[in-house]
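Asks: Below: sequence and its predicted model.
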Amino acid sequence: MIARDHMRFTTLDHYFTGVAIPVAALRSKDGCGVGEFADLPALGEWCRKTGLDVIQVLPVNDTGGSSSPYSAISAFALHPLYLRLQDLPGAEHVADDITRFRAEEKSREAGKGGRFSYREVLDFKIRTARRIFDDNGKDILGNPELARWRQANPWVVPYAVFCALKRENNSSPWVSWGALANPSPEDIAACWRAREQECLFVSWVQMQLERQLSAASRSLQDVGVFLKGDVPILMSEESVDVWASRRFFDLSAKAGAPPDMFSPSGQNWGFPVYDWESLASNGYRWWKDRLLRASRFFHALRIDHVLGFFRIWRIPRTEVSGLLGRFSPFAGLSKRDLDELAYDSGRIRWLTLPHVSGEELEAALHADAGRVAEGYLSRIGNENLYNIRAELDSETAIHALPEPQPVKDFLLSLHADRTLLDDGTGMFFTPWYLDRKKGYRSLSESDRTRLNVLLSRRRAESEEIWEKTGRALLAMLKETTDMLVCAEDLGDVPDCVPRVLAGLGILGLRIVRWSREYGKAAPGSPAPFIPPARYARFSVCTPSVHDTSTLRGWWEEDAGEREAFSSSLGLTGPCPQRMTPVILKRVIEHCLGAGSLLAIFQIQDLLDLDTELWSADPRGDRINVPGTVTEENWTWRMPLDVESLAGRRAISAALGPLVAARRARRLDGSLHG
C-alpha cells in the first residue's frame, strides 16, 4: 500500500484543475514506442510548474489483444504495454534491442500519422520481458519476494493460468477450451502446477508493473499532483474474471445503451451483465477488491458508466444492436396487468410478435417477396399475414442469411417491430420507439391511454428501484475507499442519479458541449448552453473527452454548433470557421470559471494553446470514435515528448495565470459546503 496521509482529497480548499491523457499517449525520451508508467513523473513535474493539480488517465488494466482500455481481460492485472523494460532488474543485456525497436517503431509511427503500433509494441515488450526473466530465472525464483507478492495478490493465480492457456490455444476464446472452459478452483490450481514457469513469468511481470506504477504515484505525490484513475464498470467476456468467476456474471445477455441522437439503433457493447445477487451473496468482495487494488495507485477514481449501478441496458444475447434491449432492473408488466388491460392471448401474440401482411411484403420486396415469405416467414392460418419463423427471429440469425442487404434490412426492421418484449419469465417490457410500433398504433385511443398510464406508473416504480439499488451499491463503493470518486453519468439519466451522487459526495460529469437547457430550445435552433459557472459543486467540468472530437475539432466541424457556442462565450462579430488561439484561450478560461470542483482538459486541448503544435487536421487528434473498430482508435500519441513541455512557453504563458486564478477561488474545505 502507498502511504498517502498528506495526499487525499479531504481538504478541499480550492478548485482543482487537471489534464487527461491515456498513459499510452505519453511520449518520452526513454519510452519504448508507447507511453509508460515511468513517464508520469515527468508529466507531473510539468503540471506542478503550470499549477495543475490532477493527472487523469484512462483505465490501465490488461486488455490483451484489444487496444481499447475499456475492454479489460482482468479487473486486477495491469497492462504489460506500460512496462518500462530497461527498468527491470537484469535488463542491461537487452538495451541494444530496445534502442533498435524504438527506432523501428518511430519509423512505423511516422507512417501512421503519429499513431503507435499496438500489437507490435505489446508483442515486443512481452517477448523481451520473457528474455529477461529466462536469463535471470535463477535469481528471480530464488528470491522469496515473488512468492510473498503472489501470496498478497491471490488474483494473479487465475490470471496467470488464463494467460498461459490463451497462449497455448493461440488466443482462441475460452469457450473452446473443452474441459477448461468452466474451471473449478482445483482445475486452476492444477493448471498452475502444469505450467508453473509460464505462470511465474506472468506473475513477475505484474509485480514489476505494480512497482513501476507505485513509484510513479509516489513521485506525483511528492510534487503535489493527484493521480486519477478510471474503473470500467463492465468486463470483457474474454476476461479471466468471467472465465474463473462465472457465478458473478449473467451470460444470457449483453450490456449496452438505448438509442439516442448519436446511435439510433442503440449500442451493444458485447459485455456480459452482472449477476448482482451472486455478487451480494459474498458481500461484493469482488468489487471491493477492485477498489482496494485501485487505491494502491490512485488518489481519485472515475467510474465509467455509473448508470450501470442503477440499471443497465440489457440486450438479449441473440441481438446485434441495442434496439430490443430493456432497462434492468425494471418494473415490467405481468400477465395479470395484461389481463386487466383486457389483452387476450390473441392480442398478446399480436403485440409481442412482428407481423407483416402480404401486401406490405410485396410493396417492400417486389419480386423477392414470394421467396422471402417461403424461406423465412410463417403464414398465420389462411390469412395473408406472416410472422418471422421462430428460428430466424433474431438479429444474429438475420445477419447470417445469404441475402442481399435490402432483404436483410427489411427482415431486421420487421424483427424490431414489436410492442411488447416477452422475457420468457412471464414479464413483459416495452421497447424503445414504442409509438412507432405497428401493434401500438393499431390500439384504439382509449387502449393506448390505459397502457400509457400503466407504463408511467411502472416507470415511477422503476425510478424508486433504481434509486434504492444505486444508492446501496455506490455507498458500498464509497465505504470501501478513501479515494475521491467521480462518475461518468451520461446517457439516459434517471431522475434519481444526481440526487444519489450528491448525497454520497460523488462528482458527476459535465461535458460543456452537451450541457444544455434542452427545454428552452427554440424551433430549429440548438438548445442554449448552460454556463459552466452554474455547474454544481459535485461535478467535473470538461470541454472534451476521449470519445469526442477535441475543442478545435468540434469548433471546425459544425457551423451551427460553432455559432451557438460563440454566442454563449459572449463573443461578438463574425464567427471564424477555424479555431483561433484567442478563442481557444477564451474557451479554456470559460471552463476554468466552472462551479465544478474539478476542471479537466484533454492534453490535446492544452497543447493547442501553442499553434506550432497544431496538427494539419484536428480530426486526427481524437482518441476514439465510438462505434468504430480501427487501428486509429486508442493509439494517438503526443506530438512531443513530456520533457519538452516545459519549454513550450506559449502553453504555460496562456494557461498558468488562468489556473492560478481558478486556484485562488477558495472553498470551505468540505464537499458539502
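Replies: Looks like it came in fine.

Asks: May I have stretch 123-136 exported as PDB, CA atoms only?
Replies: Taking Å, rounded to 0.1, in the frame of the first residue of the first chain, the C-alpha atoms of stretch 123-136 are listed here in PDB:
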ATOM      1  CA  ASP A 123       4.500  -8.300 -28.500                       C
ATOM      2  CA  PHE A 124       8.000  -6.800 -28.300                       C
ATOM      3  CA  LYS A 125       7.500  -5.900 -24.600                       C
ATOM      4  CA  ILE A 126       6.200  -9.300 -23.600                       C
ATOM      5  CA  ARG A 127       8.900 -11.100 -25.700                       C
ATOM      6  CA  THR A 128      11.700  -9.000 -24.300                       C
ATOM      7  CA  ALA A 129      10.400  -9.300 -20.700                       C
ATOM      8  CA  ARG A 130      10.400 -13.000 -21.200                       C
ATOM      9  CA  ARG A 131      14.000 -13.000 -22.300                       C
ATOM     10  CA  ILE A 132      15.000 -11.000 -19.200                       C
ATOM     11  CA  PHE A 133      13.000 -13.400 -17.000                       C
ATOM     12  CA  ASP A 134      14.500 -16.500 -18.600                       C
ATOM     13  CA  ASP A 135      18.100 -15.100 -18.400                       C
ATOM     14  CA  ASN A 136      17.700 -14.200 -14.800                       C
END
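
Asks: ok, residues contacting it?
Replies: With C-beta atoms under 8 Å, 6 or more residues apart in numbering as the test, stretch 123-136 has contacts from 32-33, 80-81, 83, 85, 88-91, 93-94, 97-98, 101, 140, 201, 204-205, 208. (Each C-beta comes from the backbone N, C-alpha and C, glycine too.)

Asks: Could you check that stretch and say which residues are buried?
Replies: Across stretch 123-136, burial judged by 16 or more other C-beta atoms under 10 Å covers 124, 125, 126, 128, 129, 132, 133, 136.

Asks: what ranges do the helices span in the stretch 251-400 of the chain?
Replies: Taking DSSP state H, counting those that start in this stretch, the helices of the stretch 251-400 of the chain run over residues 276-281, 285-294, 335-340, 345-352, 358-365, 369-376, 395-399.

Asks: just to revisit the earlier point, of the contacts of stretch 123-136, buried ones?
Replies: 32-33, 80-81, 83, 85, 88, 91, 94, 97-98, 101, 140, 201, 204-205, 208.

Asks: does residue 197 belong to a helix or a strand, and which?
Replies: Using DSSP states H and E, residue 197 maps to helix 196-222.

Asks: helices or strands next to whichever helix or strand comes after that helix in the packing?
Replies: Sequence order places strand 226-231 as the next helix or strand after helix 196-222, per DSSP H and E. Counting contacts by 3 or more C-beta pairs under 8 Å, 6 or more residues apart in numbering; DSSP states H and E, strand 226-231 is packed against strand 16-20, strand 54-56, helix 196-222, helix 285-294, strand 300-303, strand 484-487.

Asks: Can you say which of those is nearest to residue 565?
Replies: Among the helices and strands packed on strand 226-231, strand 16-20 comes nearest to residue 565, with 20.5 Å by C-beta to C-beta.

Asks: Mind listing residues that contact that closest one?
Replies: Defining contact as C-beta under 8 Å, 6+ apart, one finds that strand 16-20 is touched by 43, 47, 51-57, 226, 228, 542, 545-546, 592, 597-603, 606, 659, 662-663.

Asks: gap between it and the chain center?
Replies: The chain centre lies 19 Å from the centre of strand 16-20; the measure is C-alpha atoms, centre = their mean, to the nearest Å.

Asks: Show me what counts as buried in the helix or strand following that strand.
Replies: Per DSSP H and E, the first helix or strand lying C-terminal to strand 16-20 is helix 40-50. Within helix 40-50, the residues scored as buried using 16+ other C-beta under 10 Å are 40, 41, 42, 43, 44, 45, 46, 47, 50.

Asks: give the contact list for the second one.
Replies: Applying C-beta under 8 Å, 6+ apart to residue 41 gives the contacts 216, 219, 220, 223.

Asks: Now list the buried members of these.
Replies: Buried, going by 16+ other C-beta under 10 Å: 216, 219, 220, out of the contacts of residue 41.

Asks: How confident was the prediction at the residue nearest to the last one when sequence neighbours are not counted?
Replies: In other words, residue 220. Nearest residue to residue 220, sequence neighbours excluded (C-beta to C-beta, 6 or more residues apart in numbering): residue 44, at 4.2 Å. The score at residue 44 is 98. That number is its pLDDT.

Asks: I'd like the distance between residue 44 and residue 33.
Replies: In this view, residue 44 and residue 33 are 22 Å apart by C-beta to C-beta, to the nearest Å.

Asks: what do you get for residue 409?
Replies: 43 Å.

Asks: circling back: export the buried residues of helix 40-50 to TSV and tack on distance to residue 381?
Replies: Below are the buried residues of helix 40-50 laid out as TSV (distance: C-beta to C-beta, whole Å):
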residue	distance to residue 381
40	69
41	75
42	75
43	71
44	73
45	78
46	75
47	72
50	75
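
Asks: returning to that earlier point: out of the buried residues of stretch 123-136, which sit inside helices?
Replies: Of these, the ones assigned to helices by DSSP state H are 124, 125, 126, 128, 129, 132, 133.

Asks: a strand runs through residue 13, doesn't it?
Replies: Yes: according to DSSP: H, G, I helix; E, B strand; the rest coil, the state of residue 13 is that of a strand.

Asks: Check the burial of it by counting its neighbours.
Replies: Per other C-beta atoms under 10 Å, the neighbour tally for residue 13 reads 10.

Asks: what about it, distance to residue 532?
Replies: Where residue 532 is concerned, residue 13 sits at a distance of 21 Å (C-beta to C-beta).

Asks: Okay, now the unreliable bits of this structure?
Replies: Counting by pLDDT under 70, the chain shows low-confidence ranges at 1-10, 668-673.

Asks: Relative to its centre, which residue of it is most distant?
Replies: Using C-alpha atoms, centre = their mean, the residue of the chain lying farthest from its centre is residue 382. It sits 50.4 Å away.

Asks: what's the closest non-adjacent residue to residue 236?
Replies: residue 71 (4.8 Å).

Asks: Quickly name whichever of the buried residues of stretch 123-136 is closest to residue 616.
Replies: Minimum distance to residue 616 across the buried residues of stretch 123-136 is 29.4 Å, recorded for residue 124 (C-beta to C-beta).

Asks: start to end distance for stretch 135-149?
Replies: In stretch 135-149, first residue to last residue: 21 Å (C-alpha to C-alpha, to the nearest Å).

Asks: residues of it that come out buried?
Replies: For stretch 135-149, the neighbour count (16+ other C-beta under 10 Å) marks 136, 140, 146, 149 as buried.

Asks: how far does that stretch sit from the chain's center?
Replies: Distance, centroid of stretch 135-149 to centroid of chain: 36 Å (C-alpha atoms, centre = their mean).

Asks: Also stretch 423-435?
Replies: Put simply, stretch 423-435 sits 27 Å off its chain's centre (C-alpha atoms, centre = their mean).

Asks: mind saving the C-alpha coords of that stretch as PDB?
Replies: Output in PDB follows, covering the C-alpha atoms of stretch 423-435 (Å, rounded to 0.1, in the frame of the first residue of the first chain):
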ATOM      1  CA  ASP A 423     -38.500 -12.100 -21.500                       C
ATOM      2  CA  GLY A 424     -39.700 -15.700 -21.100                       C
ATOM      3  CA  THR A 425     -40.400 -15.400 -17.300                       C
ATOM      4  CA  GLY A 426     -44.000 -14.100 -17.600                       C
ATOM      5  CA  MET A 427     -43.000 -10.500 -17.600                       C
ATOM      6  CA  PHE A 428     -43.300  -8.100 -20.500                       C
ATOM      7  CA  PHE A 429     -41.500  -4.800 -21.300                       C
ATOM      8  CA  THR A 430     -41.900  -2.100 -23.900                       C
ATOM      9  CA  PRO A 431     -39.200  -1.300 -26.500                       C
ATOM     10  CA  TRP A 432     -37.600   2.000 -27.300                       C
ATOM     11  CA  TYR A 433     -39.600   3.900 -30.000                       C
ATOM     12  CA  LEU A 434     -42.900   2.400 -28.700                       C
ATOM     13  CA  ASP A 435     -45.000   4.900 -30.600                       C
END
